[in-house]
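In: Any chance you can model this:
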Amino acid sequence: MISVLIWAVLQTSAFVVPIFVLYMGWRFVRAYERRPRGELDESTSRRLDQLEESIIRIDSEFNKLAEEQRFLTRLLSERQTHFGEVAP
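Out: Take a look at the predicted model:
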């Protein structure tokens, strides 16, 4: 009798536990998607603005370096075509 009861509990739990886990996962995802998105406080907003400005400045410097590299490459290639091989 006890072995039949244990067998029934194990068979039921083998079916119920995965369904329960899936249900709780679904509830967690819904709760996560519905959570309120708060506004950033002033210090965080200010820091993000500073970070954005820094990235823009770095980008402009990188573009200047790239332009200088293109200019020097063009200049050296023109020198080689006009004066032959350039000594290192």
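
In: pLDDT on the helix ranked longest in the chain, on average?
Out: Assignment by DSSP state H gives helix 42-83 as the longest helix of the chain. Computed over helix 42-83, the mean pLDDT rounds to 90.

In: Tell me, domain by domain, which residues of this protein belong where.
Out: 1-38, 52-88 (automatic domain parsing).

In: Dump the ones you listed into CSV; add distance to residue 45 as well.
Out: Any C-beta I mention is one placed from the backbone N, CA and C, and that applies to glycine too. Below are the domains of the chain laid out as CSV (distance: least, Cβ to Cβ, whole Å):
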stretch, distance to residue 45
domain 1-38, 12
domain 52-88, 11
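
In: In JSON lines, list those domains along with mean neighbour count.
Out: Listed next are those as JSON lines, based on neighbours: other Cβ atoms under 10 Å:
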{"stretch": "domain 1-38", "mean neighbour count": "9"}
{"stretch": "domain 52-88", "mean neighbour count": "9"}
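
In: Count the residues that sit near residue 40.
Out: Using other Cβ atoms under 10 Å, residue 40 is surrounded by 10 other residues.

In: Test my guess that it contacts residue 48.
Out: Yes. Counting by Cβ atoms under 8 Å, residue 40 touches residue 48, with 7.2 Å between them.

In: Could you name every residue contacting both of those two?
Out: Common neighbours of residue 40 and residue 48, counting by Cβ atoms under 8 Å, 6 or more residues apart in numbering, are absent.

In: Residue 44 is nearest to which of the domains of the chain?
Out: The closest of the domains of the chain to residue 44 is domain 1-38. By Cβ to Cβ, the value is 10.6 Å.

In: average pLDDT for that closest one?
Out: Confidence for domain 1-38, expressed as mean pLDDT, is 81.

In: now that domain: how far from the chain's centre is it?
Out: What separates the centre of domain 1-38 from the centre of its chain is 32 Å, taken as Cα atoms, centre = their mean, to the nearest Å.
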